[in-house]
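> Here is a sequence together with a model predicted from it:
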Amino acid sequence: MSARLNPYISFPGTAREAMEFYAGVFGGELHVNTFGEYGMEGDGSEKVMHGMLESANGFTIMGADNPPGMELTTGNNMAVSLSGDENELLTGYWEKLSDGGIVMMPLEKQMWGDVFGMCTDRFGISWLVNIAGDAASS
C-alpha cells in the first residue's frame, strides 16, 4: 500500500452498530478498537476509537464514536482520510491541505504508533492523515 483515500465517519455513540451494519452490506473484514484499549477508563471507554471495514470489492470505510468533549453536529461528522506508508508523500499532502486551514491535531506520533493529524482545509473540508508506524519513523 502506498496511500489511500476513503471516507471517515463520526458517530454519536453508534459506531460499532453502524460499522457492523456496513460490514453486513458490503462484506469484508471489520476491525474495531475501543478507547479503553488505548488507556481510557470510565464512561466512554467501550466506545469505538477507530473502526475500519475493508471489503472484498476494494471499499474502505472508517468510522469512530465522537471523542468525549468534541461536539458532533450533522455536517462535521464526515471527513476524508488519507492513509498509507509513504511518509514523504503523505506529509506533503498534509502540508498543502493544512496551509491556510485550521489544524485541530498536529501531524505527530500517536499512542497507537502512527503519525496522525487532523485539519480543516481553507474550503472547510475535514481531513485525517495517518502515516503507518514503520514509515512514520523514516
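Received the coordinates, thanks.
> hang on, Gly113 is in a helix, isn't it?
No - checked against DSSP: H, G, I helix; E, B strand; the rest coil, Gly113 lies outside a helix; its state is coil.
> What is the neighbour count of it?
Neighbouring residues of Gly113 were enumerated by other CB atoms under 10 Å; the total is 12. The C-beta positions use only the backbone N, C-alpha and C, and glycine is treated the same way.
> what does Gly100 give?
9.
> ok, it to Arg122 distance?
4 Å (CB to CB, to the nearest Å).
> Equivalent analysis for Ala132, please.
27 Å.
> Comparing those two, which shows the higher neighbour count?
Remark: of Ala132 and Arg122, Ala132 carries more neighbours, 17 against 12, as counted by other CB under 10 Å.
> could you list every residue that touches the more buried one?
By CB atoms under 8 Å, 6 or more residues apart in numbering, Ala132 lies in contact with 83-85, 114.
> Just the ones of these in strands?
Among the contacts of Ala132, the members falling in strands (DSSP state E) are 83-84.
> and which of the contacts of Ala132 is nearest to Pro67?
Among those, Asp114 lies closest to Pro67 (CB to CB), at 16.8 Å.
> dump the residue contacts of the closest one.
Counting by CB under 8 Å, 6+ apart, Asp114 touches 130-133, 136.
> who wins for neighbours among the residues you listed?
Ile131 (27 neighbours).
> Hmm, Leu82 and that residue touching each other?
No - between Ile131 and Leu82 there is no contact under CB atoms under 8 Å: 9.1 Å.
> Overlap of the contact sets of the two?
The contact lists of Ile131 and Leu82 share Leu90, where a contact means CB under 8 Å, 6+ apart.
> so which helix or strand takes in Leu90?
helix 87-98 (DSSP states H and E).
> That's all I had, so thanks and see you.
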